[in-house]
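[1] I would like the atomic coordinates for the input below:
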Amino acid sequence: MKTKTLLLILSIYCAMNAQAQQYCQTDRFLGTPYFDTSQIKVNFDILYDVPNLLTLDLYYPKLNADPLSKRPVIVLIPGGFYLAGSSKDWYYYAYQLAQSGYVVAAINTRKGLFYPCKPTKKFPIPFFSYSDAAYRAVQDAIKAGHFLSTESLLYGIDANNMFFGGYSTGGCTALSVEMLSQSEANHVLNLNTVVLGPLDPLPFLFPFSVKGINSISGGISRAHIEKIENTSAIMFHGELDYIIFYDFSPILDGICGPQAKTLLPVYGSGKVNDFFHDKAKAMQLYGLLFATHYFEPDKDFAKMTSKFACFDKQILCKDFKSFKKENLLSIPVKCSLNNRPETSEEDERTSNIIKDEFKKIEATIPEEYRDQITLNSLVTSDKAGLDSLKALMKENQGNEIMPTQENESATKAIIAGKNTLQLSLSADISHPINISFYNLNGTEIMGKTVMLHRGENSITMQFPQTLQQGIYILKTSDGLTQKVFIQ
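    This next block holds a predicted model:
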C-alpha cells in the first residue's frame with residue numbers, strides 16, 4: 001500500500017514537472033503576442049458566485065489552436081474603492097495576456113461599504129466598515145479561484161498555477177488573497193467574521209494554488225505577515241501616489257460611528273517591499289519616480305501587463321534570480337529570464353508592437369459592450385469609486401476615508417523649522433480642527449485640536465522633539481492629507 005502511494009505521489013510530481021517544462025521551453029508568456037486575435041476566445045458574464053450574482057469574463061487561447069491542454073491562469077481584479085469597477089475594465093490587458101498564452105479571468109466583486117450608519121435619502125442602505133468591504137472582496141476573489149478550478153477541464157486551466165492581479169483596491173485584494181490569513185483577520189484586524197464568514201469556507205473543495213501576485217498601486221494592512229514566506233509578487237507603484245501612498249496611508253475605517261474614528265494603517269508597495277523583500281519567495285518592485293496613482297493606458301498599463309507575463313513566467317520556471325527593487329523613470333517591456341536589462345531600442349520596439357496589437361484588440365470588442373469598454377476604463381472606474389467615497393463623506397459628517405491630493409481643503413502645511421509646523425487655513429472655518437502628524441510606520445507623533453479665532457488664518461505647532469530627515473504624513477479633519485518632506 002505504501003509503495004502504491006509513493007508511486008502515485010511520484011507520478012503526480014513528474015506530471016506537474018513535465019507541465020512546467022512545457023511552459024518554459026516556448027516563447028509564450030513573454031508579454032508579447034504568441035497567439036493572434038483570431039485564436040483568442042472571450043466568454044463574458046460567466047456566473048461564478050450564484051448567491052451574490054457575481055460574474056467573470058474569461059479570455060483564453062482556443063483549445064484547438066493551443067498545443068497545451070492546461071494553461072496557467074491570471075485572475076484580474078478592478079479598482080474602484082469597493083464602490084465602482086467592472087470586469088470589463090480589464091478588456092485590453094486581459095486580451096493582451098491571453099495572446100501571450102495565459103488563461104485570464106477578469107472578475108467582479110461585491111460593491112459597497114457596509115456600516116450601519118443612519119440611512120439618508122441619497123444612501124438608503126446601511127454601510128459597514130472599509131475593512132469589511134476589503135475582506136469581502138478577498139472572499140470573492142477566492143471564490144473565483146475555486147470556480148476556475150471546477151472549470152479546469154472545460155477551459156484548459158492549470159489550477160495549480162494561478163496568479164492574482166489588480167489595480168488600486170484591486171491590487172490590495174490581490175495581495176491579500178495570498179498574504180492575509182484567517183487568524184490575522186480575526187485577531188489582528190478584529191473583523192466580525194461571524195457575520196462576514198471565513199475567507200475560504202471550503203479550502204479543500206476544488207483547490208487551487210496561488211503562484212504569484214501582480215499588483216498596480218496596491219497595498220496591505222500591517223497584519224499580513226503570517227504567509228509572507230510563500231509569496232511571490234511583482235508590484236508597480238507611483239512614488240507620488242497620494243491615493244494609496246507608496247509608503248504608508250492612514251485611512252479611516254468608516255463613514256460614521258466608531259469606525260469613522262478608527263485609523264487603519266495601509267502599507268503601499270514601497271513599504272511592503274522594504275518589510276518583506278528578504279522574507280518572500282520572490283518580490284520585485286517598480287517604484288515609478290514622479291508617477292501618481294493614475295497611469296496612461298497604452299503607455300503604462302500595457303507595459304505593466306507585459307511585465308506581469310514576464311514575472312509570472314519566471315515563477316513558473318522557478319527562476320528566482322535577481323529579484324531586486326528598481327526605481328525607474330520608465331517601465332522596460334521586453335521580457336527575458338534572469339531579468340536581463342532591456343535596451344532602449346527593444347523597449348521602443350515592444351511598445352510599438354503593443355500599440356499595434358491594441359488596435360487589433362479594439363476591433364474584437366462586441367457591439368453590445370462598446371459603451372462599457374474603453375482603453376482608459378481602469379482609471380475611469382477608479383476615479384468614479386473615489387468620487388462616490390467623497391459623496392459618502394460629505395453626506396455622513398464629512399469624514400475622510402481615503403487620503404487624496406484631489407480634495408477641496410483650504411488647509412496647507414509647510415515646515416517653518418526643523419521642529420515647527422506652520423498651517424495655513426481657510427479664514428471662514430469656525431469649527432474645531434483635528435490635526436494629526438504621523439511617521440511612515442503609522443506612529444502618531446503629535447495630535448492637536450485647534451479652534452480659529454476671528455481674523456486668524458494660521459496655526460504654528462511645535463513638535464516635542466527635533467524631527468529626523470525624512471517623509472511624514474499630515475492629516476486634518478477638514479480634508480487634508482499631505483506628505484511633508486523634512487530636509
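[2] who touches the residue nearest to residue 220 when sequence neighbours are not counted in this structure?
    Once flanking residues are discounted, residue 220 sits nearest to residue 175: 5.0 Å by C-beta to C-beta, 6 or more residues apart in numbering. Quick note: C-beta positions are derived from backbone N, CA and C, even for glycine. Residues in contact with residue 175 (C-beta atoms under 8 Å, 6 or more residues apart in numbering) are 213, 215, 218-220, 224, 233, 272.
[3] Surely residue 175 is in a helix?
    Yes. Assigned with DSSP: H, G, I helix; E, B strand; the rest coil, residue 175 falls within a helix.
[4] which among the contacts of residue 175 gets closest to residue 199?
    residue 224 (12.2 Å; C-beta to C-beta).
[5] still on that earlier bit, which of the contacts of residue 175 scores worst on pLDDT?
    Across the contacts of residue 175, the smallest pLDDT goes to residue 224, namely 57.
[6] just checking, next helix/strand downstream of the lowest-mean-pLDDT helix or strand in the chain?
    The helix or strand of the chain with the lowest confidence, counting by mean pLDDT, DSSP states H and E, is strand 326-328 at a mean of 48. Next in sequence after strand 326-328, counting helices and strands by DSSP states H and E, comes helix 344-362.
[7] Send me that following helix as PDB with only the CA atoms.
    What follows is helix 344-362, C-alpha atoms only, in PDB (Å, rounded to 0.1, in the frame of the first residue of the first chain):
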ATOM      1  CA  SER A 344      16.000  51.300 -25.300                       C
ATOM      2  CA  GLU A 345      15.600  50.000 -28.800                       C
ATOM      3  CA  GLU A 346      14.000  46.800 -27.500                       C
ATOM      4  CA  ASP A 347      11.700  48.800 -25.300                       C
ATOM      5  CA  GLU A 348      10.600  51.100 -28.100                       C
ATOM      6  CA  ARG A 349      10.100  48.200 -30.500                       C
ATOM      7  CA  THR A 350       8.000  46.200 -28.000                       C
ATOM      8  CA  SER A 351       5.900  49.300 -27.100                       C
ATOM      9  CA  ASN A 352       5.100  49.800 -30.800                       C
ATOM     10  CA  ILE A 353       4.100  46.100 -31.000                       C
ATOM     11  CA  ILE A 354       1.700  46.600 -28.100                       C
ATOM     12  CA  LYS A 355       0.100  49.700 -29.700                       C
ATOM     13  CA  ASP A 356      -0.400  47.900 -33.000                       C
ATOM     14  CA  GLU A 357      -2.000  44.900 -31.100                       C
ATOM     15  CA  PHE A 358      -4.300  47.200 -29.200                       C
ATOM     16  CA  LYS A 359      -5.800  48.500 -32.400                       C
ATOM     17  CA  LYS A 360      -6.500  44.900 -33.400                       C
ATOM     18  CA  ILE A 361      -7.900  44.200 -29.900                       C
ATOM     19  CA  GLU A 362     -10.300  47.200 -30.200                       C
END
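[8] host element of the closest residue in space to residue 96 that isn't next to it in sequence?
    Nearest non-adjacent residue to residue 96, counting by C-beta to C-beta, 6+ apart: residue 305, 5.4 Å away. Residue 305 belongs to helix 302-316 when assigned by DSSP H and E.
[9] That helix to helix 344-362, inter-axis angle?
    100 degrees (axes from the mean of the first three to the mean of the last three C-alpha atoms, to 10 degrees).
[10] picking that back up, wait, the residue nearest to residue 96 sits on residue 31?
    Yes. If you go by C-beta atoms under 8 Å, residue 305 and residue 31 touch, sitting 7.4 Å apart.
[11] quick one: average confidence on the one helix or strand residue 284 maps to?
    Residue 284 belongs to strand 282-288 when assigned by DSSP H and E. Regarding strand 282-288, the rounded mean pLDDT is 86.
[12] Parallel or antiparallel, list what pairs with that strand.
    strand 232-238 (parallel), strand 326-328 (parallel) (DSSP bridges).
[13] Please produce TSV containing these, extended by mean neighbour count.
    Formatted as TSV, these follow (neighbours: other C-beta atoms under 10 Å):
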stretch	mean neighbour count
strand 232-238	27
strand 326-328	12
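[14] Point out the one among the ones you listed that comes closest to residue 448.
    Closest to residue 448 of these is strand 232-238 (C-beta to C-beta; 30.6 Å).
[15] Contacts made by that closest one with the rest, please.
    171, 175, 178, 211-218, 244, 246, 268-270, 272-273, 280-288, 290-293, 295, 304, 307-308, 311, 315, 331.
[16] Now list the buried members of those.
    Buried members of the contacts of strand 232-238, scored by 16 or more other C-beta atoms under 10 Å, are 171, 175, 178, 211-218, 244, 246, 268-270, 272-273, 280-288, 291-293, 295, 304, 307-308, 311, 315, 331.
[17] What is the burial count for residue 112?
    Neighbours of residue 112 under the rule other C-beta atoms under 10 Å: 16.
[18] Residue 153 now?
    That count, for residue 153 with other C-beta under 10 Å as the rule, works out to 9.
[19] I'd say residue 284 and residue 311 touch.
    Yes. Counting by C-beta under 8 Å, residue 311 is a contact partner of residue 284 at 6.2 Å.
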